[in-house]
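Participant: What follows is a predicted protein model with its sequence.
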Amino acid sequence: MRTTWRGIVAEYAPFFGSPDPASVVTLQEGGTPLVPLDRIVRDLPVPLSLYAKIEGANPTGSFKDRGMTLAVSRAAARGARALICASTGNTSASAAAYGVRAGLRVFVVIPDGKISRGKLAQAIVHRATVIQVEGLFDQALAIVREVASTHPVALVNSVNPDRLEGQRSVAFEIVDQMGEAPDYHFLPVGNAGNITASWAGYNAYRAAGRMAGLPRMMGIQAEGAAPIVLGHVVEKPETVASAIRIGNPASWQGALDAARDSGGAISSVSDEEILEAYHLLSSREGIFCEPASAASLAGFLKRARAGAFSGGERVVCTLTGHGLKDPDAVFRSQPAEIRVPARKEEVLSVLGFS
Ligand code: F0G
């Protein structure tokens, strides 16, 4: 009996024209857990089925690996020698890891300061060349797009269609895990590639006869970085959710189309709402995601508390990245350990046994 998950290209080969699964550059990404959030549901006005798709369980700790396996496989097959991306951290971590497996040089261009330490560590440990620009993600992306169009380096941001094609696989898995599509799918929106890809995934799976109904796609931006909600570019995006601190998303239109065509919406949540969802997941459900990921749950909770659900709905929230990516987010908002002298009595007194 085969028990090992082989990665998204091999598992869903009919949905990927190339590469041959035998020659794919893979870390066996995908196959992530879909976990019920029953403790959080208990406090809601109406009972419904709420699940988290734990994308932090991917090999480099975020959903980016689903697209990276395909983008890097195809870039390598086309004879690329080097990869480049702009990133708020997760794309660069994934590109760095898959680049190593393909034997390619990797250049990552990141915005000033705001990259979380875990993500930066990943790019460095995989020997990527890390270039920090004194500017925002949006400027970094504009630069790498131009560089890749004139020089022999393959762009692996989500403007690369191979990335989005691979990221469709999250929808395939959700349908396989639930036996059907959910009624609502909430996910954080930054550059808007993931909502575009997830929607394309549901449609491809339905066209292949694997499911009937389609979910409403609910994209959630951070209030301080909500260009799609506001309808204009945000020059100085600001949010605690550094992964989605983006003022001019590349797949803006894709997000609008997904929301419109599915009967969903793009809305925003405050940093406080994001952090509340982040702490609910960690303290009530045992799930540690990074702040940007919790935007999906925050968006759901906001609607649920406003009475938007009648009960019985099936809801999935994508939790896009692992909490260990950004440990500083914990220490900024919670007290650290209790320090006592190294004596049993001291520990017992903390336990309440004194
Ligand atoms: N959640 C996390 C943890 C992310 O890293 C990102 C994007 C998103 C959500 C939003 O996804 O851009 O497809 O709408 N991170 C990119 C990066 C921008 O460079 O790692 P999106």
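Facilitator: Received it, and whenever you're ready, just let me know what you need.

Participant: if I look at residue 17, how far off is the ligand?
Facilitator: Computed as Cβ to the nearest ligand atom, to the nearest Å, the residue 17 to the ligand distance reads 22 Å. C-beta coordinates here come from the backbone N, C-alpha and C atoms, glycine included.

Participant: now do residue 245
Facilitator: Residue 245 is 9 Å from the ligand, where distance means Cβ to the nearest ligand atom.

Participant: How about the residues of the stretch 151-300 of the chain by the ligand?
Facilitator: Proximity of the stretch 151-300 of the chain to the ligand (Cβ under 6 Å from any ligand atom) is limited to residues 158, 188-194, 243-244, 290, 292-293.

Participant: taking the residues you listed one by one, which sit in strands?
Facilitator: When strands are assigned by DSSP state E, the members of those inside them are residue 188.

Participant: In CSV, list the residues of the stretch 151-300 of the chain next to the ligand along with neighbour count and pLDDT.
Facilitator: As requested, these are exported to CSV (neighbours: other Cβ atoms under 10 Å; pLDDT from 0 to 100):
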residue, neighbour count, pLDDT
158, 28, 92
188, 31, 98
189, 35, 98
190, 29, 98
191, 27, 97
192, 25, 98
193, 25, 98
194, 29, 98
243, 30, 96
244, 27, 97
290, 29, 98
292, 33, 98
293, 36, 98
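
Participant: secondary structure class for residue 131?
Facilitator: Assigned with DSSP: H, G, I helix; E, B strand; the rest coil, residue 131 falls in the strand class.

Participant: The nearest residue to it once chain neighbours are set aside bridge partners, please.
Facilitator: Spatial nearest neighbour of residue 131, chain neighbours left out: residue 109 (4.8 Å); criterion: Cβ to Cβ, 6 or more residues apart in numbering. For residue 109, the beta-bridge partners under DSSP bridges are residue 86, residue 131.

Participant: Got the confidence number for residue 109?
Facilitator: If you check residue 109, the pLDDT there is 97.

Participant: Tell me the spacing between residue 199 and residue 250.
Facilitator: 16 Å (Cβ to Cβ, to the nearest Å).
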